[in-house]
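Chemist: my questions are about this predicted structure, shown below with the sequence.
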Amino acid sequence: MRRMLERERERVGGLERFAIDEALREFRSRYGDVKLSPVVALICAYEEADNIGAVLKAVPPEACGLPVTPLVVVDGGEDDTAAVALQLGAMTCVFPTNLGHGVALQVGYRLCIDGGARYVVTLDADGQNDPAELPDLLAPVVDGSADFVVASRRLGVDETSDQVRRSGVVVFAWLMNRLCGSRLTDTSNGYRALRVELLADVVDRLRQRQYQTAELLITALARGWRVAERPTVWRPRASGTSKKGSNLLFGLRYGWVVLSTWRREWPGRAQRPAASS
């Protein structure tokens, strides 16, 4: 049985690597040797054709005095997400099949690292994040006071009405703070700004195919990177439905990611190498 499971994992892993290689081959055939601007607005999208256009149009061309490049990783799907992103001039990497939000982010991180970006801001394709807040989120990373800045809907304004999700934000922040000794208010927010040296340090340690927000944050904290928060406006989805599943399923899976990542990273944590200025 164990051998069968190992073979199945190898088969799935091989298919995933093939899909990623195909996406990167197409990306490089379109853009050649990519040289990214200092700031990249990284958006991973799965069937968000109705929403991503407005998000891309709102991404500022400059933040903290630095040019911004939108980079979209399309995680498969059957709608026109990729066509919309390409039409609006965003650099676009398209997976031939759905691999999961965490996998799309990992590929996006590596493109940013290899492309010479200095800072990366991740935001959602569904309209819940306000791209106009990007400079404020980025500022502590650029001025050197933080390596990782998380947007906090609890410090800002939460315009959504799902009380269960709101309660979950509080519970997971409490749990992560207890485990990691941090003092964060919103640990499940995917709107964040990061120093590229941090991504280079942690990207090979990331395992989650879907719920990667907690994994990235816990890994960064375990390795000694400085994490700060900035208030945000958290909007309802512009249209469509969440891809995260029911509240119960999302909560169980997210909790498992928090605990499993902490068990993997925290007991044997190592301090990061000195960050570049």
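Modeler: Nice, I can see it. Numbers count the residues shown, from 1 in each chain.

Chemist: pull out the buried positions in the lengthiest strand in the chain.
Modeler: Identified as the longest strand of the chain according to DSSP state E is strand 148-158. Counting neighbours by 16 or more other Cβ atoms under 10 Å, one finds that the buried residues in strand 148-158 are 148, 149, 150, 151, 152, 153, 154, 156, 158. All C-beta atoms are positioned from the backbone trio N, CA, C, and that covers glycine.

Chemist: which other helices and strands does that strand contact?
Modeler: helix 134-142, helix 163-180, strand 192-195, helix 212-222, strand 227-234 (3 or more Cβ pairs under 8 Å, 6 or more residues apart in numbering; DSSP states H and E).

Chemist: hmm, try it at 7 Å
Modeler: helix 134-142, helix 163-180, strand 192-195, strand 227-234 (3 or more Cβ pairs under 7 Å, 6 or more residues apart in numbering; DSSP states H and E).

Chemist: which single one of the buried residues of strand 148-158 is nearest to residue 110?
Modeler: residue 148 (17.6 Å; Cβ to Cβ).

Chemist: for that closest one, which non-adjacent residue is closest in space?
Modeler: Residue nearest to residue 148 in three dimensions, not counting chain neighbours: residue 227, with 4.6 Å by Cβ to Cβ, 6 or more residues apart in numbering.

Chemist: who touches residue 106 in this structure?
Modeler: 203, 206 (Cβ atoms under 7 Å, 6 or more residues apart in numbering).

Chemist: and it, helix, strand or coil?
Modeler: Three-state call for residue 106 (DSSP: H, G, I helix; E, B strand; the rest coil): helix.

Chemist: find me the pLDDT at it, would you?
Modeler: Here, the pLDDT recorded for residue 106 equals 96.

Chemist: what of residue 244?
Modeler: 63.

Chemist: remind me, longest helix of this protein?
Modeler: helix 2-31 (DSSP state H).

Chemist: check which residues of it are buried.
Modeler: So, applying 16+ other Cβ under 10 Å, buried residues of helix 2-31: 16, 19, 20, 23, 24, 27.
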